[in-house]
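>>> below are the sequence and a predicted model for it; my questions follow.
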Amino acid sequence: MLLAPELVYIEYDGTLMDRTTYVLGVQAQSLKPAGVTSESMKVHLWGAVAVVTGVYRESGSPTPGFAMARAERASPVTPDPFDAEKFPAVARFHGLRHQPLIYPCPMLLPYPTTSAQVRIIGAGLAGSEAAWQCARRGIQVELLEMRPIRSTAAHQTADFAELVCSNSLKSENENTAPWLLKEEMRRVGSLLLKLARDCAVPAGHALAVDRVAFATKVTEAISSQPQIAIRREEATTIDPCQQITIVASGPLTSEALASEIARLTSLNEPSKGGPPNSDHPPQSPQASYAPQLYFYDSISPIVEADSIDLSRVYMAARYDKGSADYINCPMTREEYLAFYDALLAAHSVEERDWERLNYFESCLPIEEIARRGPDTLRFGPMKPVGLKDPRTGRMPYAVVQLRQENLRADSYNLVGFQNHLKFAEQARVLRMIPGLENARFVRYGQIHRNTYINGPALLRPTLQMKAHPNILFAGQICGVEGYVESIATGLMAGMHAAALVCGNEPVPPPRASAFGSLTHYVAHADAANFQPANITFDLLPPLDKRIRDRKERHRLQCELAIREFDVWLEAATNPGASFDLPEKSAP
């Protein structure tokens, strides 16, 4: 029988699964609701080698199935000699090397319980980058990702590094804080930064990506690495004594893993509102959890491009920086005030009585911004400054900007329009925006809970736990905010984990650098009032000499940061590491 219970299955991309997981995966990927069935499937066992023969076809398909023969490695089995000439595939699949013959045939391998030198939990932005940085240094990695076995409230696919909020990786303008962090990442050799630029879509002076193409490329790149063993399962335990572990489970960490992190930190301080990411209130007033915090993050709506009335909008980039890639929906004063009143009157998704919707200040829902005053939107996401309408030669009273969502340019997201309104209310209110009167929504705005740990109480500047140096945290769960910052901390955690494997003491990047300032904040901010941070010049140390001109001051800070970062990188880099990035995938 093909689906033998004593065997461990592995997909062609290297994903390890048990029998149940494999069956679910096949059913999820099949075009037929009934899934895939096997006909005359047999497994012929000989020592540690299994030869699978039979016919595979989609359930309910009228077409004949496909004959296949395949040799695989098996977990401990009872020897069953067979005729090697009858099954020549044995020679083709000798050892642990494998290639797909026909989808979705499984491979049969034992779990590598002792071979992995670094265990990484989560294959998001931080986890994927960390796995790559370890692998390129020759470190064996076990990468755990719970999707699609268990998804989250915000994710829509099982791909690695899926972007769930905007598709922007911030400014590409030289001598800005985001540019500085990305420049340091480029010098180290960030995989995800390179792939992001490969998947870039027009976005003026910002780096924005086709989120589907980006996640696909990251998944392909990580899955093709022989040093990375991928396991599609939920991690529920962390053993600081067993192996080096990077926790990069992200802001949507599962309840079981969040509870394990609470147990591990064990500082016996009550958290806000119950266990992190829990959908239920604490079981009793006496329940206590480690100082893990949370905020609520919001997602912007996306509309179909051909549902936008182009006669009412214009293309422009703010201050004409970069190319005119944004669709701008101008509003008169009367239109703005009508929209403002409708937004305040719209019904939000009801808050559950045990929740306190504390938001990240840099990602407030538009209705929360509006409640602060009638002009707050005009000085925020609807700011018209620098967006002169070429048809009138004047600056509108307010503007809603739309950014291209993918390479096909068939959808656009409403920049800064994250919200927590009911879907019907979103459709009604957002269609009051000029040009969106007949908009078709690909995705409505929504919020999700972001969990993070209290970095200053728990972490060193190397992202290692103070109490358990073999455990590192990376990504948003460690206390940073933003895609680029998550990738950066994953990169650092991967480098530091590789150093630990080699018996070296990790050295944090210099304080003057963007990397060093970001990790310094995570480790040294005020623990009593800790909140996640994006990279800004406020995190960097001031210059010794006061410079009044802001642009010149930032230029000098970037120059100093890169100079000191280069010195650190030369000393920190493993001489045997390969810094060649994978070739661009063929279209």
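Sure thing, it's come through. Numbering: from 1, shown residues only.
>>> would you mark the buried spots in the helix ranked longest in the chain?
Secondary structure of the chain per DSSP state H: the longest helix is helix 550-572. Buried residues in helix 550-572, counted by 16 or more other CB atoms under 10 Å: 553, 554, 557, 558, 560, 561, 562, 564, 565, 568, 569, 572. The C-beta positions use only the backbone N, C-alpha and C, and glycine is treated the same way.
>>> show me which of these is closest to residue 169.
residue 558 (17.8 Å; CB to CB).
>>> I'd like the distance between that closest one and residue 410.
Distance, residue 558 to residue 410, by CB to CB, to the nearest Å: 37 Å.
>>> please apply the same query to residue 258.
Residue 258 sits at a distance of 37 Å from residue 410 (criterion: CB to CB).
>>> try residue 197
From residue 197 across to residue 410, the span is 21 Å (CB to CB).
>>> okay, the two: which has more neighbours?
Set residue 197 next to residue 410 and count neighbours by other CB atoms under 10 Å: residue 197 wins out with 15 against 12.
>>> OK, contacts around the residue nearest to the more buried one when sequence neighbours are not counted?
Leaving aside its sequence neighbours, residue 197 sits nearest to residue 207 (CB to CB, 6 or more residues apart in numbering; 6.9 Å). Neighbouring residues of residue 207 by CB atoms under 8 Å, 6 or more residues apart in numbering: 168, 169, 170, 171, 172, 182, 196, 197, 200.
>>> downstream of the host helix or strand of residue 207, the next helix or strand is which one?
Element membership for residue 207 (DSSP states H and E) is strand 206-209. Using DSSP H and E, the helix or strand that directly follows strand 206-209 along the chain is helix 211-223.
>>> let me see the mean pLDDT of that next one.
Average pLDDT, helix 211-223: 94.
>>> ditto for stretch 438-452
Confidence over stretch 438-452 (mean pLDDT, whole number) is 84.
>>> how's this structure carved up into domains?
9-108, 118-277+453-572, 301-444 (automatic domain parsing).
>>> of those domains, flag the one that's most buried.
Most buried of the domains of the chain, by mean neighbour count (mean count of other CB atoms under 10 Å): domain 118-277+453-572, with a mean of 21.
>>> ends of it, what's the gap?
19 Å (CA to CA, to the nearest Å).
>>> how far does that domain sit from its chain's centre?
10 Å (CA atoms, centre = their mean, to the nearest Å).
>>> ditto for stretch 390-401
Centroid separation for stretch 390-401 versus its chain: 35 Å, with CA atoms, centre = their mean.
>>> what's in contact with it?
314, 316, 326-333, 335-336, 377-378, 381-385, 387-389, 414-417, 433, 436.
>>> so which of the residues you listed sit within strands?
Among those, the ones falling in strands (DSSP state E) are 314, 316, 326, 327, 328, 329, 330, 331, 414.
>>> the second one reaches residue 330, doesn't it?
No: taking contacts as CB atoms under 8 Å, residue 316 lies outside contact range of residue 330: 10.0 Å.
>>> that's a helix at residue 548, yeah?
No: according to DSSP: H, G, I helix; E, B strand; the rest coil, residue 548 belongs to no helix; its state is coil.
>>> what residue ranges in the protein score low on pLDDT?
Counting by pLDDT under 70, the chain has low-confidence residues at 1-115, 266-298, 350-362, 448, 574-587.
>>> try it again at 50.
Along the chain, segments meeting pLDDT under 50 span 1-16, 26-114, 267-291, 352-355, 574-587.
>>> residue ranges of the helices in it, please?
Going by DSSP H, the chain shows helices at 19-29, 89-92, 125-135, 177-188, 191-198, 211-223, 255-265, 333-345, 366-370, 423-430, 455-458, 483-501, 514-524, 550-572.
>>> now the ones you listed as CSV including distance to residue 393?
Shown next, in CSV, are these (distance: least, CB to CB, whole Å):
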stretch, distance to residue 393
helix 19-29, 54
helix 89-92, 70
helix 125-135, 42
helix 177-188, 32
helix 191-198, 35
helix 211-223, 36
helix 255-265, 55
helix 333-345, 18
helix 366-370, 28
helix 423-430, 28
helix 455-458, 50
helix 483-501, 36
helix 514-524, 40
helix 550-572, 28
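>>> of these, which is nearest residue 231?
Of all those, it is helix 19-29 that lies closest to residue 231, at 9.3 Å by CB to CB.
>>> and residue 397, how close does it get to residue 337?
9 Å.
>>> and residue 434, by the same measure?
From residue 434 over to residue 337 (counting by CB to CB), the distance is 14 Å.
>>> residue 221 too?
Taken as CB to CB, the span from residue 221 to residue 337 is 49 Å.
>>> now swap in residue 127 and tell me
Distance of residue 127 to residue 337, given as CB to CB: 46 Å.
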